[in-house]
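>>> Just to be clear, the model below is a prediction. Sequence and coordinates:
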Amino acid sequence: MAGEEFDYIVVGAGSAGCALANRLSADAGNRVLLLEAGGRDSYPWIHIPVGYFKTMLNPKTDWCYETEPDPGLNGRSIPWPRGKVLGGSSSINGLVYIRGQSHDYDQWRQLGNTGWAWDDVLPYFMRAEDNERGANATHGVGGPLGVSDIGFSRGFSDAFIDAAEEIGIPRTDDFNSGDQEGAGYFQLTTKNGRRCSAAVGYLKPIKDRANLTIATGAQVRRVLFEGKRASGIEYDAGGQATVANVRGEIVLSSGAIGSPQILQLSGVGPGALLGEFGIPVVHDSPGVGENLQDHLQIRAVYKTNQPSLNDEVNSLFRKALIGLEYALFRKGPMTIAAGHVGMFAKTREELETPDVQFHFIPLSTKGPGDDLHEFSAFTSSVCQLRPESRGKIVIKSPNHADYPAIHPNYLSTEIDRQTIVAGMKLSRKIMATSTMQDLIIDEFLPGTDVQTDEELLDHARNNAGTIYHPVGTCKMGSDPMAVVDERLRVRGVEGLRVADASIMPTLVSGNTNAPSIMIGEKASDMILEDAR
């Protein structure tokens with residue numbers, strides 16, 4: 001493929017990249033190349049919803065990044081899973097379909113990003129969606145992305161919703177209309193009981209288009225420039241450096257880690273950093289890799305007097321029944337997501353919108369990717385929705401195969417520390433209701449010996465982990481640290497855009513897969529409009 005020319009090159013077949021490849025190649029006159037560093041999505045566990053237990057932290061499907069030691073976590077390094085396979089993180093994530101609050105996008109607009117208010121992005125969410133509940137004023141049908149209700153229930157989950165109502169948090173059956181507040185069941189990116197990744201929804205139906213080339217095992221080395229214009233991509237193909245040229249545009253959709261890394265390796269980034277590694281500066285862009293944000297999750301685990309999914313999975317007979325139920329009906333515990341019930345709530349009365357999100361699930365594990373506990377238990381995890389802490393991504397060498405340094409900088413501001421403690425207290429308030437007390441034997445984590453604010457914060461520092469939502473490292477805006485403009489064009493160069501979660505100026509209030517797909521959808525329209 002050396003020297004071949006394309007109208008568009010999309011780097012990264014993740015949530016946004018798959019949407020871009022589909023929409024840009026819809027016109028047979030556009031020749032499109034989609035590059036993915038990972039392999040085909042042929043691993044069976046990708047397509048079974050509960051398979052995220054098998055795909056995260058698995059080098060077959062996961063980059064298996066780790067953070068640098070983080071001061072906010074008492075010097076701990078933690079795993080940062082990111083999808084390395086067709087579909088990207090949408091092939092390994094917890095399947096929860098959340099868009100965020102209307103306020104999130106209106107704030108993007110207030111920051112100067114024309115065209116990114118809630119009313120502007122809602123049509124793209126709807127265009128992407130095929131919601132099994134049908135169409136209404138905020139939901140769509142017929143789109144590539146299957147969105148479905150959860151395929152099973154357990155009494156613990158209903159009890160959690162009842163308990164939330166007991167302390168004044170309303171029930172809701174839709175977190176995705178713009179107003180999230182309340183407790184209820186999540187919807188998932190599934191269709192007919194199987195995961196609907198971006199690759200399944202956007203690539204599988206169009207993989208035979210003659211004008212679309214999908215290259216897997218193709219890790220990008222750098223963007224090539226002629227002067228200030230992006231002219232092509234150099235990437236690995238079978239261990240050999242290969243060049244693809246572009247006559248239109250290159251779009252980086254490699255996520256909050258990959259996109260800034262590629263820019264820095266290509267000479268677009270902080271000049272001092274590039275000089276340190278002998279990389280010629282194409283454009284000194286100090287914001288590349290900065291503004292990193294993520295949701296920090298702290299789990300609470302409660303032992304219960306009722307059988308939980310721990311008991312079902314730890315019994316060979318019951319486990320076989322679970323497998324049979326899924327094989328016959330595509331229902332049951334194998335359709336479970338990383339959250340069964342969700343809750344969005346305010347930790348302070350004066351807040352306009354919820355500032356914490358809960359993921360409740362009727363099981364408990366020893367840790368991410370580990371086995372279930374051998375006792376009956378359930379898990380209630382909480383994360384702060386809009387952290388003020390900012391970290392960064394920086395290359396460690398000029399070699400594209402070397403992972404960059406990930407500095408999340410968790411819990412570095414007072415409001416972040418206060419909010420994570422308040423969220424843990426809110427979890428305990430729910431568990432103290434009569435509804436939940438009828439089910440609880442003991443608080444396993446954090447444990448009843450952890451009581452003061454200082455003890456709760458220290459427990460979070462020692463035990464909290466990512467909930468897999470890194471964003472912001474190629475932020476959109478007009479200030480000196482903005483990497484792309486409101487049309488996602490990389491500032492200071494031509495023929496190059498970024499379209500993925502890295503362009504978010506601020507983190508949305510919830511899971512990031514659906515917003516990333518929306519970004520891909522909207523970017524495709526802007527690219528095609530600008531080409532006219």
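Ah, there it is.
>>> Now stretch 365-380: buried residues?
For stretch 365-380, the buried set under the neighbour-count rule, 16 or more other CB atoms under 10 Å, comprises 365, 368, 369, 372, 373, 375, 376, 377, 378, 379, 380. Any C-beta I mention is one placed from the backbone N, CA and C, and that applies to glycine too.
>>> Tell me how many other residues crowd residue 515.
Residue neighbour count, defined by other CB atoms under 10 Å, stands at 26 for residue 515.
>>> for residue 150, that is, sorry about that
By the measure other CB under 10 Å, the count of residues near residue 150 is 20.
>>> Could you report the distance from it to residue 329?
Distance from residue 150 to residue 329, counting by CB to CB, to the nearest Å: 14 Å.
>>> returning to that earlier point: looking at the buried residues of stretch 365-380, which is nearest residue 467?
Proximity of the buried residues of stretch 365-380 to residue 467 (CB to CB) peaks at residue 368, which lies at 10.0 Å.
>>> Does that closest one touch residue 58 like I think?
No: applying CB atoms under 8 Å as the test, residue 368 and residue 58 come out as separate, 11.7 Å apart.
>>> Test my guess that residue 377 contacts residue 305.
No: counting by CB under 8 Å, no contact exists between residue 377 and residue 305, whose distance comes to 10.7 Å.
>>> ok, the residue nearest to residue 467 when sequence neighbours are not counted - contacts?
Leaving aside its chain neighbours, residue 467 sits nearest to residue 297 (3.9 Å; criterion: CB to CB, 6 or more residues apart in numbering). Applying CB atoms under 8 Å, 6 or more residues apart in numbering, we find residue 297 in contact with 359, 381, 382, 383, 464, 465, 466, 467.
>>> Looking at those residues, which are in strands?
When these are checked against strands using DSSP state E, the ones located there are 359, 381, 382, 383, 465, 466.
>>> Which of the residues you listed ranks first by neighbour count?
Across the ones in strands among the contacts of residue 297, neighbour numbers were computed from other CB under 10 Å; residue 382 holds the maximum, 30 neighbours.
>>> The residue nearest to it when sequence neighbours are not counted - how many residues pack around it?
Excluding the flanking residues, the one nearest residue 382 by CB to CB, 6+ apart is residue 423, at 3.9 Å. If you count neighbours by other CB under 10 Å, residue 423 ends up with 26.
>>> What average pLDDT does the helix or strand in which residue 423 is found get?
With elements taken from DSSP states H and E, the one containing residue 423 is helix 414-431. For helix 414-431, mean pLDDT is 98.
>>> Pull out the buried positions in that helix.
Taking 16+ other CB under 10 Å as the neighbour-count basis, helix 414-431 is seen to contain the buried residues 416-417, 419-424, 426-427, 429-431.
>>> Please name the bridge partners of the nearest residue to residue 220 once chain neighbours are set aside.
Closest residue in space to residue 220, ignoring its immediate chain neighbours: residue 235 at 4.6 Å, by CB to CB, 6+ apart. Beta-bridge partners of residue 235, counted by DSSP bridges, are residue 220, residue 242.
>>> Quick one: the helices in the stretch 301-450 of the chain, in order.
Residue ranges of the helices in the stretch 301-450 of the chain, as given by DSSP state H, counting those that start in this stretch, are 309-313, 316-329, 414-431, 434-437.
>>> Just put those in TSV and tack on distance to residue 50.
As requested, those are arranged in TSV below (distance: least, CB to CB, whole Å):
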stretch	distance to residue 50
helix 309-313	10
helix 316-329	9
helix 414-431	24
helix 434-437	25
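>>> which one of these lies closest to residue 261?
helix 414-431 (25.6 Å).
>>> helices and strands around that closest one, which ones?
Under the contact criterion of 3 or more CB pairs under 8 Å, 6 or more residues apart in numbering; DSSP states H and E, the helices and strands touching helix 414-431 comprise helix 155-166, strand 296-304, strand 356-361, strand 377-384, strand 440-445, helix 453-463.
>>> what's that helix in contact with?
Under the contact criterion CB under 8 Å, 6+ apart, helix 414-431 has outside partners 160, 163-164, 167, 296, 298, 300, 302, 345, 347-348, 355-356, 358, 380, 382-384, 387-389, 410-411, 436-437, 440, 443, 446, 453, 456-457, 459-460, 464.
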